[in-house]
Structures are given as C-alpha cells and as structure tokens.
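[1] got a sequence here, can you build the structure:
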Amino acid sequence: MFEKSLYDLIRGLRNHKGNEKEYIQNCLKECRSEIRNQDMDVKATALLKLIYLEMVGHDMSWASFHVLEVMSSPKYHQKRVGYLGAVQSFRPDTEVLMLATNLLKKDLSATAPTIISLPIGALPHIITPSLALSVLPDLLPRLSHSHPSIRKKTIVTLYRLALVYPETLRAAWPKIKERLMDKGEDPSVTAAIINVVCELGWRRPSDFLPLAPRLFELLVEGSNNWMAIKLIKLFATLTPLEPRLVRKLLPPLTDLIRTTPAMSLLYECINGIIQGGILGDGENFNETEEIASLCVSKLRGMISVGGDPNLKYVALLAFNRIVVTHPFLVAQQEDVILECIDSEDITIRIKALDLVQGMVSSDNLVSIVSRLMRQLKSSSSLDQQGGLQKQDHETDSSDETNGGTGRKKKSREQPAPLPEDYTVDVIGRILYMCSQDNYSSLLDFDWYLDVLTQLVRIAPAPRAKDLDPETSTQAKYLTADISEKVGNEIRNVAVKVEAVRSAALQAAELIITRLFRVTSESAASHLAVSGALKPVAFIAGEYPFQLSSPDDTLGHLLHLLPRIKNPEILATCLQAVTKLFAFVAGDDRAPWTTERKSSMSLLMARVVHVLEPLALHPSLEVQERAVEFIELLKLTAEAASGQAPSTDELHQDPPLLLTQAIPSMFNGWQLKSVSYGAQRNVPMPEGLDLDEPIHPNLGNLLAQADSLMLPIQDDDEFEAYYNNKPPATSISSEPAILRLADAPEEVSSSYQQAGEESYLDADIVARRKAERMERNRDDPFYILESGRSGGTSTPIHNILQKENGPDLDIDSIPIMKLDLADIDAGLGSSGKLQTQRPLSAALSRPKPRQKVIVAADESLGGSGPSTPRYDSENNSDTFAKSRAKKLKQSLLQVDSSHLNTLDLDASTGSSHLGGSAYDPEKQQQDEAEMAQAMKEVQRLRLEMQRAKERIHVAHGVPAEGIVVKRKKTKKAAKAEGDEEAGGGDGGEAATKVKKKKKPVVVAEEGREGEGVVKAKKKVKKAVEVEEN
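    Numbering: from 1, shown residues only. Got it, this is the predicted structure:
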C-alpha cells in the first residue's frame, strides 16, 4: 500500500542530486524485500523498478527467478513486466532459462494476440540452440495467424532463431515463401519477409534467384521506400548471377533516380547500380553511359545542394566507386570535390582526399597539390600565431585594452588547427600523387622540389617520448616520421632525374642551413629531430660537386652531429661528413701553400674533435664509422704536418692521403636507384649456409678473449698515441665565419604569383621569382615590373641603344593604326601572312612538358612491382584483413557467417549439413514415441525397485524354510480342517507361508520353477508336524 512506484523512484532520484549512490542503494534494499512479497502487484512493481535501475547500470541477475514468477502471472500487465525483465536480464547462460521453456510454449499457444506477442518479442534476446529446438513447433503455426502483426513478428523471430539453430529456416522456408508469393498479403508482412530475404541473400544469393520475378514486381509496384531499398540491395547481389537482370532493372532504377524525392532511396539506387556491376556492363554501352551521367549529376547535387554532411559523405563514397569505371565523368566534378577538402568535417576531408588521389592527372596535379599545400600552410601559421599569442599573453598580461579584446574575437573566428594525424596523411598523399608511376604526372620538377622543401618545414616533428636521449634502445627511433619520407623524395629526384640534380642539391642545402640556424639560435641541448636530415645528408655527400658551398654545408653538418640522437641518421651524417671532407680537401690542382696547409690542419682538427665523442656511442654502426674516420684523419693530419708548403723556388705537392687515398674511397661506381625486391633475387652462392656458426667453439673463444691478460708496457708509443689526448691548443673548433652576424635578408613582396605565396615561404617564393625573371629576361612576350624595366637588356633593346644612342625616346615615335584584316585580305593569295599566329594564341599555348629523363629502377630478373612480398608480410596483411573483417560487425553483434552452408532446399540439405531436413510432423511423431518409451522405462524401473525392496525385507531366510510355531491349537486345527476341505492343496496358513517363502526360494534356488514347488511342500510338512 505504501510502496514506491516507478514514478516515485525517478522523482526521488532527481531530487537527490549529488547523493544518488546512497539513494539507489536504499531503493535496491527496498526492491529486494518487495520482490519476495506474495502479492503479485507488489512483486511486479518491484521488478519494474529493478529494470529501471538495471538500465542505469545496477545488476539484477540475482532476481532471475522472481522474473520467471512474474512472467507466469495470468494478468497481462504483470506478464508484460515479467517479459520485459527477461529481455533485460536473461542471458543464454541464465540457469532459470530452462524452467521458462514450458511457459514460453504455453504463451505461444495462447489465443489472445497480446499474449502471443510477448514470447515472440522476448525470444530473440534469450534464444539458445536447445530453446530454439523446443519452441520451433509452437512458433511455426504462428505464420498462419489471422493477425498480420503476429505473422510479421514471427518471421523476424524465426530469422533470429536461425542464427543459433540454422535448421529453423529450412523448416519455415516453405511457409515464408508462400506468404511472399501471396499478392493479398499485408504489406508489413511482405516487408518483413523482404528484410529477412535481403539478410540471407548476400550469404547465398543462388537460393533466391527463382524469386526474381516476384521481387521485381514488388520493386515496380511497391510504394514503400524502405522495402525498395532492401530490394535494390538484394538485386545488387543477384545481378552477377543473372546478367539478364541488368537490362530488366535499368528502366525502373532510372525512373526512381529521376523522380524520388527521398535522398536515402536515391543513394541506394545509385549504390545498387554500382554494386550490381551495371555501370561496368559492356553490352549496353549507351544505356550504361546515360545512367552513369545521371548518377554523377545526382551525386553532384547531393554535395552542392544543402549543407548536410551525411549526404556529402555518402556521395563521396559513391564517387569513389564510380571513378573506377568512369573516371572522366568524375573528373568533371573537380570543383565540388575540391570544396570538400576544406570541409569542417574531417571524415569528409579524408574521403575527398581518397577521391582526389584517384582522379589526379598531369593537368590537375598542380592545382590539387596547391590547394592541399595552402591548407597545410594556413594550419601551420595558425599554430605559430597561437604560440606567439600565448607568449604575448604571458609577457604582457596587464594589457586589457579594447584592441586585445578585438584580437581575441578575431582569433575565435579563425578555424582550428588541423590534427597532426591528418597533416601526416595529407603529406603522404601529396607524395604519392606526385611520384606515382615514376613521376609520370609531374611536369615541373623545380616546382616539386620547392613543394618538398616547404613540406619539410610544415611536417610535424616526432613526439618527444620517442626521442628520449637517455634510452639507447633502437626501437625508440623506429616510429614513422613523415619528414623522412619527404627527404626520401628529394633523394629520389636527385638520383633519378639528373637534369634537376643541382636543384635538388640546392633544396638539400636549404634544409641543412635551416636546421643549423634553428639549433644554433636555441639552447645547446636542442636536438635535431627532423627525419629529412638523413636522406638530405646522403645526397649532399654523394653529389658534393653540385653544392653551391660545400664548405658551409660541411660546417653545418659538423655543428649538427652532436645534436643528433637517432643512430641511423647519425651514421648517415658521419658518412656524409667524410665525403664532403674528401671533396673539399681533395683538390690536387690547388697549390699546397701555407694558407691551404693551415686551413686543412684546422679543418681536420675540428672534424676529429667532433667525431671523438662518437667513438663511444652505444650504436655499434656509429661507433665503427667514427673510429675508422678518426684514425684515418689522424694519419692524414700527420702526413699533412710533415709535408712542407710550396714556395716560389720549390713546388710541393699535397699529401697523397689527402688528394688521392681518401677521395678514391668514394669515387667508384655511381650509385643508382634499385628496384624494390631486387635483393631477394640475388642468387645465394653454393655452399653458403647462413645457419652454420662462424666457428664451432665460438663461445669458448670469446670467453678466453675476455679473460686474456696482455702484459702492460710502461713506455708504449702506440698506446700513448691512440689513448693519450694531445695537449690543448687555442684553436677553436668553430670556424670564424660562423661568428659573423648574418646579414638581414630582403624579401621583396609582390602581388604577382599569389597562388605560390599562399603555400610557400617567402624565401622560396623570392628565389623562384628571381629564377623566373632570369629565365624570361630575353623573352619579348614577358612584361617586366615597372621598377626593373630600366635594368633589363634584351636583344631588341641592345639594337636600339647601339644604333640610336642613349638619348632615344621610344614614347615619341608615332603610332600608326594597323588593320591586320585588310592585310590578310590583300595578301591572302601569297600565303605569307596566313602562317603567322596571333599574339593571343602564342600567349595562351600550354606550358610544354619539361624535357627530363627519369631513370628507371635497376633490378635483376623477376624483380620489380610484380615481385611477391615476403611471407611474413603476406601473413601480416592476411592477419590485418581478417582482423578488420572480424571487427566489422553489426551493432547488435549478430554473427550470421554459419548460414553460408545452409541450403533451403530440403532435398539437398543433407549433403551440405550431413543430416536430414527438419520435418515438424516427423518431430512430433518422434516426440510421441519418445514419450511412450519413457513411460515404459519408468514402469520397468518401478518394478525393479519394488522387487529390490522385497529382497531386502526377506534377507537372511534359509532356502529350506523356517519352522513356524503355533501357540493356539484351535487355530491350527482350524487350519488343518481347512486344508483337508481344500484338498490338501493349501489354505490360509499355506498361503501365508507361500507369500513369505517365495522370495527366499527365488533368491536361493535360482530361476527354476521346480525349486519353488518343492519349497512349498517342505513348508507345509513343517506346519503339520508342529500341529500334531
């Protein structure tokens, strides 16, 4: 009477803000006591409150038996609460679920539709294989129920049963097919059947191919958009099996695309056309092109019209599929696709990038990359502005003027910086688009090198946790660094394209110089973390003759070496430093003067000073290279110090170690690009066993080497030379040129080339502008800037100045009106002026392709793109795909993979599943026979139990019987008289003895009947003797 209802519970929970936990615990205690009440109304109310608390997150599995009690209530409003509790709390492993089987069968056989709906709705949530087998005979008759809602729910429930017990569909399929073929069936039931068929169709489409006429009829005549979507998905799986369906489906699908106002149905029509292979049909080319154009136009409208991001996303998905068969149609929508790159939704940007990456060509490569670079440049500038604003706020926090408020308001309106992962993805896509097919789409390599230089500056640096200087584990440095990929592209261009190698080396110098300035301006502990340093240093050492200033590059690398912690980058830079030193010091044509001798000695001293700490580096590769170069330079320094300089009277050659020995180590064959996988095709020499140890007793040798003690000599010149440091000198390791202040760079700003200025830094734009002006200096069609017009000198200007002098005024020359039309009309017959092209045509001609030769990758026979990957890579790819397939499940976690082997045809089902088809009548007959057999077993068990009880009562009685003493002679005489009257065959006493002795005789004498009769006679004689 005073119990809380569900509404009271919710009101109390809202009134106890901040103290919900204690209130819920009190409510749970009340529910535990109320649910044990005998009153079913109180029990149902308590269960309803438990269901609500279970939705909040509190377990109610302890009340499963009480849920079953409420489910068995005869009242509908209580039974409904019980079934709701079962749906919410029951699991396939719930113990009381086996007790609910009979209750479910009973409710399924009820007459009221409301009662039947309760178990039908609860079964999909609690179904198990054994429960499905038990309730299937009661569920199948519900397919013929008079109410359409019961038939609809039954069909959906049967599919859920089939997921745990596949034989369900084979038994129910004839009735489901009958309902599908019935044209007078309720539309809701038909929609439910189509939903089940669509779910099964993509598993085994061949089973549903005979239903194509009926399905096509429903597609044409139906008015339900949801059912039309399901039918289109089903036909997309049937058309590969029956190509003739393509021609049949084109008219209705085209009509739906043109007339439907529903965007969901429009997209599914387009998606069904793509998945069904209709666009790739080569027989009906004209119709295919028409519907492809229609689909592309509708998808363009989904992107451009309206601001729904979901429509943009699905439209881009469809574009990504159409571009495979009709790339030219998708390329025509470049404007709307590029607008999606700047969308606020990051998922739309990624899908647009996927599409742009597939439609790139030599015509639109520059525009696409420029737009992406502009996006990256604006994001990086926002990051820098954010850092500067933060510093300004910290240094000038007392400034609270109106200008500061306006600046904050402006910063709020600016877009947020791009995520780091997205920036890395965009850079990777730019590299792929420009380098695909061995740079076949790239027209201007100079522009590409400038883009790569800018990308090195924009690329995010590796995370600080991956660059811990205290750790020596190489795994810390194996993280992906996008700047290293950018540097690899600069290296590839320098190696493959010889015509632009000097430009690539110039870009490498800019990168090294920028890293030098960043590290020199910051603290001494600042690390050089850019991954681009490794490939850039490699090409600087491999092609030093292409550098504009090899001495400065060598000095910058020597400055960067102590600040590099990555052992791979450090080893490459060590090699580059040695190569640059060999080039700088190996000029044999320069005289060996006093100045050169001193400069070389100072340079070698500085190199040795930088490399000496690296001789103790944890990485063996770095340590080995450092020790080799140090020893080599020490020998060279000794030779240089012993070589006297040249004088006017005596000519001296430089040391051979300096001019011939060291340079000859790096002047061999020119390195070229090697194809991926070429190393795997190198034949292994005969007799080489990589698994065989180098020495059979290698462990003992190493142990002896550790314990071997060499005699120590006090005066060992070799030991003193290599281990004792020389006396300190006053020579600084830093060159004097680095101490000078850098002259300020003047960067001229211009309104021209606004596109490049939007995504390239000012120094790169200025350099490109200077190169362009130098290249167009003698071009008569190029209009120079007003400030530079007086300084130019073209062949025409040279002729005018030479013939007329410096006082010539070109503006005073009179201008005559020249009508080219009259000249063409008058001299048309001669044909001399007909071949002249107008000025506008000459100016509008496209830029010719840069004539460069891209070297192909060297490879052995069988290598190249077609070379298979390693087994480990194949296994990892397979594992990744299988893992992605497993992760890609529905939201309900329903696995229907086991339905692949289910054949709905009963005649062939046994061959697929190894058993007979399901027959309800046969199952009922088997159940009746099983019940009869169980009754017979129970009867025999009862008889055996009774016989066993009789044996235990008469245990210990001898086989020959016992003597029964009678105290009363009257009863004995009476018994004798009765015996005589009965012919001596027995009376009451004999009968009693017979009942007592029969089991004893059976136990002692065996199974023969004679022993029983003989025992009876002995008993009778004993009785007669006692009576006498």
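[2] pLDDT wise, what is Lys49 at?
    At Lys49, the predicted lDDT confidence score is 93.
[3] what packs against the helix or strand encompassing it?
    Using DSSP states H and E, Lys49 sits in helix 40-56. Using 3 or more C-beta pairs under 8 Å, 6 or more residues apart in numbering; DSSP states H and E as the contact criterion, the neighbours of helix 40-56 among helices and strands are helix 6-15, helix 20-34, helix 64-71, helix 76-89. (Glycine included, C-beta is placed from N, CA and C.)
[4] correct me if wrong: Val852 contacts Val493.
    No. The pair Val852 and Val493 does not pass the contact test of C-beta atoms under 8 Å, sitting 9.8 Å apart.
[5] what about the helices in the stretch 201-350 of the chain?
    For the stretch 201-350 of the chain, the helices defined by DSSP state H, counting those that start in this stretch cover 212-221, 225-238, 244-259, 263-275, 285-304, 309-325, 327-331, 334-341, 346-358.
[6] max-length helix in the protein?
    Among the elements of type helix in the chain, defined by DSSP state H, the one spanning the most residues is helix 920-953.
[7] ramachandran coordinates for Lys672?
    The phi and psi torsions at Lys672 (degrees, to the nearest 10) take the values phi -130, psi 170.
[8] ok, Val497 next?
    Val497 has phi and psi values of phi -110, psi 100 when expressed as degrees, to the nearest 10.
[9] skipping adjacent residues, who's closest to Pro205 in space?
    Among residues not flanking Pro205 along the chain, Thr237 sits closest, at 4.4 Å (C-beta to C-beta, 6 or more residues apart in numbering).
[10] let me fix that: Arg501
    Closest residue to Arg501 in three dimensions, ignoring its sequence neighbours and counting by C-beta to C-beta, 6+ apart: Ala494, at 5.2 Å.
[11] need the contact list for that neighbour.
    The neighbourhood of Ala494, defined by C-beta atoms under 8 Å, 6 or more residues apart in numbering, consists of Val500, Arg501, Ala504, Leu505, Ala508, Ile539, Tyr543.
[12] want to throw the residues you listed into CSV with neighbour count and pLDDT?
    As requested, the contacts of Ala494 are exported to CSV (neighbours: other C-beta atoms under 10 Å; pLDDT from 0 to 100):
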residue, neighbour count, pLDDT
Val500, 20, 89
Arg501, 17, 90
Ala504, 29, 91
Leu505, 25, 91
Ala508, 28, 91
Ile539, 24, 92
Tyr543, 21, 90
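[13] let me know the closest of those to Glu936.
    Using C-beta to C-beta, the shortest approach to Glu936 within the contacts of Ala494 belongs to Ile539, at 94.0 Å.
[14] nearest spatial neighbour of that closest one, skipping sequence neighbours?
    In space, and not counting its chain neighbours, Ile539 is closest to Ala494: 4.6 Å by C-beta to C-beta, 6+ apart.
[15] quick one: pLDDT of the one you found?
    Taken from the predicted model, the pLDDT recorded for Ala494 is 91.
[16] quick one: low-confidence ranges for the stretch 601-750 of the chain?
    706-750 (pLDDT under 70).
[17] same thing but at 90, please
    Regions of the stretch 601-750 of the chain meeting the criterion pLDDT under 90 cover residues 636-750.
[18] any idea how far Met373 is from Leu6?
    Look at Leu6 and Met373: by C-beta to C-beta, to the nearest Å, they are 61 Å apart.
[19] the two: who's more crowded?
    For Leu6 versus Met373, the count of surrounding residues by other C-beta atoms under 10 Å is larger for Met373: 23 against 13.
[20] residues contacting the more buried one?
    The contact partners of Met373, by C-beta under 8 Å, 6+ apart, come to Ile430, Val451, Gln454, Leu455, Tyr759, Leu760.
[21] I'd like the average pLDDT over the helix or strand where it lies.
    Of the helices and strands defined by DSSP H and E, Met373 is found in helix 365-395. In this model, helix 365-395 has an average pLDDT of 69.
[22] swap in stretch 572-584?
    For stretch 572-584, mean pLDDT rounds to 91.
[23] got a list of contacts for that stretch?
    Among residues not part of stretch 572-584, those counted as contacts by C-beta under 8 Å, 6+ apart are 533-535, 537-538, 540-542, 544-545, 550-551, 553-554, 557-558, 560-561, 564, 603-604, 607, 610-611, 614, 622, 625-626, 629, 633, 662-663, 665-666.
[24] please, a PyMOL command that selects the buried ones among the residues you listed?
    If you want just the buried ones from the contacts of stretch 572-584 in PyMOL, going by 16 or more other C-beta atoms under 10 Å, the selection is:
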select buried, resi 533+534+535+537+538+540+541+542+544+550+553+554+557+558+560+561+564+603+604+607+610+611+614+622+625+626+629+633+662+663+666
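[25] helices - which of the contacts of stretch 572-584 land there?
    Using DSSP H to define helices, the subset of those located there is 533-535, 537-538, 540-542, 550-551, 553-554, 557-558, 560, 603-604, 607, 610-611, 622, 625-626, 629, 633, 662-663.
[26] which residue packs closest to Leu701, ignoring adjacent ones?
    If the residues on either side of it in the chain are set aside, Leu701 comes closest to His695, at 6.3 Å by C-beta to C-beta, 6+ apart.
[27] and if you look at Gln506?
    Nearest residue to Gln506 in three dimensions, chain neighbours excluded: Ser548, at 6.6 Å (C-beta to C-beta, 6+ apart).
[28] distance of that neighbour relative to Glu509?
    Ser548 is 6 Å from Glu509, by C-beta to C-beta.
[29] the more surrounded of these two?
    Neighbours per residue, other C-beta under 10 Å: of Ser548 and Glu509, the larger number sits with Glu509, 20 against 10.
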